[in-house]
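>>> the sequence and its predicted three-dimensional model are supplied below.
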Amino acid sequence: KNCSQIMGIPVPKITMEDTVHIIDQVITENKAELFHVVTLNPEITMSCQQELLLRTIIDEAGHLTADGAGIVMVSRLKGNPLPERVTGCDLLFRLLETGDRKEWSFYLLGANEMTSKMATEVISKRYPNVSVLGRQHGFFDQKDEAQIVDEIATLSPDVLVVALGAPKAEFWIHKFKNELNVRVAIGVGGSLDIIAG
Ligand code: UDP
C-alpha cells in the first residue's frame, strides 16, 4: 500500500483533497458501517505505542491522516514523504464547505456548552445548507452516555464530529461505533473552540 511508516503506523500518503474525496464517497455510498477517520497527532502516535486498544483502533480506522507537523517531517527525513498535513481542524472546515454544497448533516459532540452552542450558530450562518441535527457538550455524566448515543443514532447524521480531545474521542467513537448509526465519525480536538472564535 502507498504508505509512510511512522513509529510503526502505516500512514497513507493522501492529500487533503483526496481525504475529502474519500469521505464524500463514504457518505454517498451510505453504508451501515461507521467510517472512523483518525487524525494522527503526537499524542495518539505516542500513546498507541503503549495502549494496545488505541493501536487496534488505529489499525481498524477507515482512514488515517497526518495531523502533526512532526509526522510529516519524519516522513520526509525517512525519504518516503507524506504529501501534506491533514489536520482535524482543516479537515472539518473542508467537510463543512463540501457539506454546504452537498447538504450533509452533522452532529457536534464535545467542547463546553458555550463553545458547542456558538460553534453551532457559526456553522448554521456560514454554511446554510449544512444541517446541524444536534449537539451535546463534552462534559456529560457517564450515566447520560447511553441516552446521548441513542440521540445520535436516532438523528443518524452523515458526519459525527467528536471534540473530546485526543485520544478520548478515538476511544469514544470506537466504543460506540456499532450503535451510532452515522456514516463518518472524526475526532477533531479543539476545532469547535476555533470555529466558535
Ligand atoms: N473536551 C471535552 N470533554 C472533555 C475534555 C475535553 O469536551 O472531557 C473538549 C475541550 O473543551 C476542547 C476539546 O475537547 O474543546 C479538545 O481539547 P484539546 O485542544 O485539549 O484536544 P487536542 O487538540 O489535544 O485533541
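Received the coordinates, thanks.

>>> only C-alpha atoms for contact and neighbour calcs from this point on.
OK.

>>> which residues of this protein lie near the ligand?
By the criterion of Cα under 6 Å from any ligand atom, the positions of the chain lying close to the ligand are 110-112, 137-139, 163-166, 189-190, 192-193.

>>> one more pass at 8 Å, please.
Within the chain, the positions lying close to the ligand (Cα under 8 Å from any ligand atom) are 43, 109-112, 115, 137-140, 163-169, 187-193.

>>> now, which of the residues you listed lie within strands?
109-110, 163, 187 (DSSP state E).

>>> between those residues, which has the most around it?
Within those, neighbour counts (other Cα atoms under 10 Å) peak at G187, which reaches 30 neighbours.

>>> output stretch 155-164 as PDB - backbone C-alpha positions only.
Listed in PDB are the C-alpha atoms of stretch 155-164, where the atom choice follows Å, rounded to 0.1, in the frame of the first residue of the first chain:
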ATOM      1  CA  LEU A 155     -30.800  11.600  14.200                       C
ATOM      2  CA  SER A 156     -28.400   9.500  12.100                       C
ATOM      3  CA  PRO A 157     -26.100  12.300  10.800                       C
ATOM      4  CA  ASP A 158     -23.700  12.000   7.900                       C
ATOM      5  CA  VAL A 159     -20.800  13.300  10.000                       C
ATOM      6  CA  LEU A 160     -20.300  12.900  13.700                       C
ATOM      7  CA  VAL A 161     -17.800  15.500  14.900                       C
ATOM      8  CA  VAL A 162     -16.200  14.400  18.200                       C
ATOM      9  CA  ALA A 163     -14.400  17.200  20.100                       C
ATOM     10  CA  LEU A 164     -13.400  15.400  23.300                       C
END
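
>>> buried sites along stretch 132-144?
Within stretch 132-144, the residues that qualify as buried are 132, 134-138, counting by 16 or more other Cα atoms under 10 Å.

>>> and for stretch 5-12?
Taking 16+ other Cα under 10 Å as the basis for neighbour counts, the residues of stretch 5-12 that come out buried are 5-6, 9, 11-12.

>>> can you add secondary structure and give these back as CSV?
Compiled in CSV, the buried residues of stretch 5-12 are given as follows (DSSP: H, G, I helix; E, B strand; the rest coil):
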residue, secondary structure
Q5, strand
I6, strand
I9, strand
V11, strand
P12, strand
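
>>> and the buried residues of stretch 132-144 as CSV, adding pLDDT?
Written out in CSV, the entries for the buried residues of stretch 132-144 read as follows (pLDDT from 0 to 100):
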residue, pLDDT
V132, 98
G134, 98
R135, 98
Q136, 98
H137, 98
G138, 98
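
>>> go through these and say which is closest to the ligand.
Of all the buried residues of stretch 132-144, the one with the least separation from the ligand (Cα to the nearest ligand atom) is G138, at 3.2 Å.

>>> V11 contacts N41, correct?
No - the pair V11 and N41 does not pass the contact test of Cα atoms under 8 Å, sitting 11.7 Å apart.

>>> please consider this matter closed, and thank you.
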